[in-house]
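1. One predicted model, sequence on top.
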Amino acid sequence: MYHSLEIDTPTLQAWLENGHSIEVIDIRPRADYETWHIPGSLNVDAYQAIHAHSPGPLAHYHPKDGKQVVAVCYVGQTSKVAAQYLGSRGIEALSLAGGMQSWSLSWNTAEVPLTHSKAEIVQVRRTGKGCLSYLVTSEGAAVVIDPSVDPQIYLDIAAQRDCRIVKVLDTHIHADHLSRSRALVELAGAMHYLPKQDRARFEHQTLEPGQTIDFGGSILEAIHTPGHTFESMSYLLDDKALFSGDTLFLESVGRPDLKADREGSEARARALYHTLQNLTTMNPAIIILPCHTSQPVAFDHIPLASPLETVVGKVPALHYDEEKFITWILERLPANPSNYEKIVQLNEQGIFPDLDPTLLEAGANMCAV
């Protein structure tokens, strides 16, 4: 639904999902666009010009094939001016209400092919944030791993597959998004599992290394993979797929420094090195399924997943010796996520604040090196 010159995030999400004929233009400065943007959008850097009361590059902009335009900025104010200007030129244009801050909550899905397993995997991609979560079904039962979007979304997906969510797992206590696990557990009547640690101050089941979780006709094995955090776990599904959390990504590895000093970061980096070395000895055909991506997720229904052997071929750091790895990772740490200390605190307490979550979560994730 949209009013006047505005379109809201759910409508734009649906339009992109359905291949609606539109052209999305991001009027923010190039550097911010490159950090995070809507998949398929075009950067028309007019932000500063508009604030100087000039159309800037919008004066010469023409959408391809006369498509309807959706203009995007940070919080949806400057893009309104852009849409009004384009309208004065006879170009049908809308502004994304709430801008990229609102877009943080957008999502799409993809099914992950899995052979010789009773399980089916739906990858739920929070495209506006880069969070990847999973609903795994098996013979009428479902497990959700690292939920990061509205809990009702997982309930709806499970219902569409005639499954009931019985268990919810987190790979670790997250720092870049507010966990939706407790809310989902309450709505689904499910059990909540966390890796063994002493930080979570709410009721949950503790997972020990090597412990298995049965659901339907499938098994998840908890594998301790410390480094990003010391409690981090990865979950191996039927010896076919590994939900690797923020430990191993498709083209990078997890950062070891959040909420740690230099000495603590080095200790985590050393743990991460040994974790990754252990993972590379697993069956090379195992599908790696991380809980984040550093790129906007397209509405293409193609899962973000790769066999372990492909990941090993793409991540040079997996081939470094221990000291080179530690030096490499500590020299390349990205900026800290916005509000991460507050997010960690809330996730440790199991509290989902009574406010717009985008106020804390907006912006790209910063979990990878």
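-> The structure has been received and is ready for your questions. Residues are numbered from 1 along each chain as shown.
2. what are the ranges of the strands in the stretch 101-250 of the chain?
-> Per DSSP state E, counting those that start in this stretch, the stretch 101-250 of the chain carries strands over the ranges 108-112, 120-126, 131-138, 141-145, 164-169, 191-195, 205-207, 212-215, 218-224, 233-237, 241-245.
3. so what does the longest one touch, helix or strand wise?
-> In this case it means strand 131-138. Packing partners of strand 131-138 (3 or more CB pairs under 8 Å, 6 or more residues apart in numbering; DSSP states H and E): strand 120-126, strand 141-145, helix 151-160, strand 218-224, strand 287-290. Where C-beta positions appear, they are placed from N, C-alpha and C, glycine not excepted.
4. Pull the residues that contact stretch 199-212.
-> Contact partners of stretch 199-212, identified using CB atoms under 8 Å, 6 or more residues apart in numbering, comprise 169, 173, 182, 191-196, 213, 219-224, 231, 233, 348-350.
5. Tell me the buried residues within the residues you listed.
-> Neighbour-count burial (16 or more other CB atoms under 10 Å) is assigned, among the contacts of stretch 199-212, to 169, 173, 182, 192-195, 213, 219-224, 231, 233, 348, 350.
6. Mind putting the helices and strands packed on strand 131-138 into a markdown table with mean pLDDT?
-> Shown next, in a markdown table, are these (pLDDT from 0 to 100):
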| stretch | mean pLDDT |
| --- | --- |
| strand 120-126 | 97 |
| strand 141-145 | 98 |
| helix 151-160 | 98 |
| strand 218-224 | 98 |
| strand 287-290 | 98 |
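7. Including distance to residue 40, could those go into a markdown table?
-> Below are the helices and strands packed on strand 131-138 laid out as a markdown table (distance: least, CB to CB, whole Å):
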| stretch | distance to residue 40 |
| --- | --- |
| strand 120-126 | 14 |
| strand 141-145 | 28 |
| helix 151-160 | 22 |
| strand 218-224 | 35 |
| strand 287-290 | 22 |
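8. Relative to residue 81, which of these is closest?
-> strand 120-126 (28.6 Å; CB to CB).
9. relative to strand 218-224, how tilted is the closest one?
-> Counting by axes from the mean of the first three to the mean of the last three CA atoms, to 10 degrees, strand 120-126 lies at 50 degrees to strand 218-224.
10. Can you give the strand pairings for strand 120-126, parallel or anti for each?
-> Strand 120-126 sits in its sheet next to strand 108-112 (antiparallel), strand 131-138 (antiparallel), going by DSSP bridges.
11. Packed most tightly, which of the ones you listed would that be?
-> Mean neighbours per residue, mean count of other CB atoms under 10 Å, is largest over those for strand 131-138, with a mean of 25.
12. can you give me how far that one is from the chain middle?
-> Its chain's C-alpha centre and that of strand 131-138 lie 12 Å apart, by CA atoms, centre = their mean, to the nearest Å.
13. Keeping just the C-alphas, turn it into CSV.
-> The C-alpha trace of strand 131-138 is given here as CSV (Å, rounded to 0.1, in the frame of the first residue of the first chain):
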residue,chain,number,x,y,z
CYS,A,131,20.9,-11.8,7.8
LEU,A,132,20.3,-15.4,6.8
SER,A,133,18.0,-17.7,8.8
TYR,A,134,16.6,-21.1,8.1
LEU,A,135,13.5,-23.1,8.5
VAL,A,136,14.3,-26.8,8.2
THR,A,137,11.4,-29.3,7.9
SER,A,138,11.4,-33.0,8.2
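14. Centroid-nearest residue for the chain?
-> The centroid of the chain falls nearest to residue 131 when counting by CA atoms, centre = their mean (0.8 Å).
15. tell me the contacts of it?
-> Shown in contact with residue 131 (CB under 8 Å, 6+ apart): 125, 146, 148, 149, 176, 177, 291, 292, 365.
16. 10 Å - rerun?
-> Shown in contact with residue 131 (CB atoms under 10 Å, 6 or more residues apart in numbering): 104, 107, 124-125, 146-149, 174, 176-177, 180, 291-293, 297, 361, 365, 367.
17. Quick one: residues contacting residue 16.
-> Neighbouring residues of residue 16 by CB under 10 Å, 6+ apart: 22, 24, 38, 39, 40, 41, 70, 106, 108, 127, 298, 299.
18. list the contacts for residue 215?
-> 119, 136-143, 163-167.
19. can you rerun that using 6 Å?
-> Each residue near residue 215 by CB atoms under 6 Å, 6 or more residues apart in numbering is listed here: 138, 141, 143, 166, 167.
20. and what of residue 337?
-> Residue 337 makes contact with 176, 366, according to CB under 6 Å, 6+ apart.
21. any idea how far it lies from residue 168?
-> 23 Å (CB to CB, to the nearest Å).
22. show me where this structure has helices.
-> Secondary structure of the chain, counting by DSSP state H: helices at 9-17, 30-35, 47-51, 78-88, 99-103, 151-160, 181-188, 262-279, 308-314, 322-331, 340-349, 358-361.
23. Give me the distance from the first one to the chain's centre.
-> Put simply, helix 9-17 sits 18 Å off its chain's centre (CA atoms, centre = their mean).
24. Show me which residues of the helix or strand of the chain at the bottom of the mean pLDDT ranking are buried.
-> Each helix and strand of the chain was given a mean pLDDT (mean pLDDT, DSSP states H and E); the minimum falls on helix 358-361 at a mean of 85. Buried residues in helix 358-361, counted by 16+ other CB under 10 Å: 358, 360, 361.
25. next one: stretch 261-276
-> 265, 266, 267, 268, 269, 270, 271, 272, 273, 275, 276.
26. swap in stretch 116-130?
-> 117, 119-130.
27. Taking those, tell me the two that lie furthest apart.
-> Distances among those were taken as CB to CB; the most separated pair is 117 and 128, at 30.5 Å.
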